[in-house]
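Trainee: Sequence plus predicted model, see below.
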Amino acid sequence: MHKFEDLKIWNKAMQLTENVYKLSSDFPLDEKYNLTNQIRKCAVSVPSNIAEGAGRNTNGEFRNFLGIANGSSYELITQLYLSMRLKICQPESVEPIVNDVIEVCKMNYALQKSLQ
């Protein structure tokens, strides 16, 4: 069992989630139950799965939840790109967040390797 609050990846994912919430707060109201909701759910899923995995009994279980978090990260990147393609967001607003997601993914892979 790991103390998730001390994990750099969890803290980075929490900051990422805050940034996604700020970005999506400017989405059009007609996207409230569509892209806004989905993009936020993906963002919340990343630190949530890291925390859940950290609370499991084995490193194998932890790695499994890190894999789920990584899947949510890629889903989040896709939705961020979609928000740009739909002209809901400007690239200069989205690109720093995408870079943060990629950084979380790299941290995730490194953590998964260390748990083997």
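Mentor: Perfect, thanks for sending it.

Trainee: what residues does stretch 75-85 touch?
Mentor: With contact meaning CB atoms under 8 Å, 6 or more residues apart in numbering, stretch 75-85 is reached by 20, 27, 35, 38-39, 42-43, 46, 89-91, 94, 97-98, 101-102. For the C-beta atoms, the positions are set from N, CA and C on the backbone; glycine is no exception.

Trainee: what residue ranges in the chain score low on pLDDT?
Mentor: 1 (pLDDT under 70).

Trainee: how about the helices of it, start to end?
Mentor: 8-24, 35-54, 59-85, 91-114 (DSSP state H).

Trainee: what's next to stretch 45-59, contact-wise?
Mentor: In contact with stretch 45-59 (CB under 8 Å, 6+ apart) are residues 1-4, 7, 9-10, 13-14, 16-17, 61-66, 68-69, 72-73, 76, 104, 108, 115-116.

Trainee: Can you tell me how far the residue lying closest to Phe27 once chain neighbours are set aside is from Ser25?
Mentor: Among residues not flanking Phe27 along the chain, Thr36 sits closest, at 4.5 Å (CB to CB, 6 or more residues apart in numbering). Distance, Thr36 to Ser25, using CB to CB, to the nearest Å: 8 Å.

Trainee: Looking at the two now, which is surrounded by more residues?
Mentor: Taking neighbours as other CB atoms under 10 Å, Thr36 and Ser25 compare with Thr36 leading, 22 against 9.

Trainee: thought the more buried one was touching Ser24?
Mentor: Yes - in this structure, Thr36 is within contact of Ser24 by CB atoms under 8 Å, at 4.9 Å.

Trainee: And for the closest residue in space to His2 that isn't next to it in sequence, the neighbour number?
Mentor: Counting by CB to CB, 6+ apart, Ala54 is the residue found nearest to His2 once chain neighbours are left out, at 4.1 Å. Around Ala54 sit 21 other residues, with neighbours defined as other CB under 10 Å.
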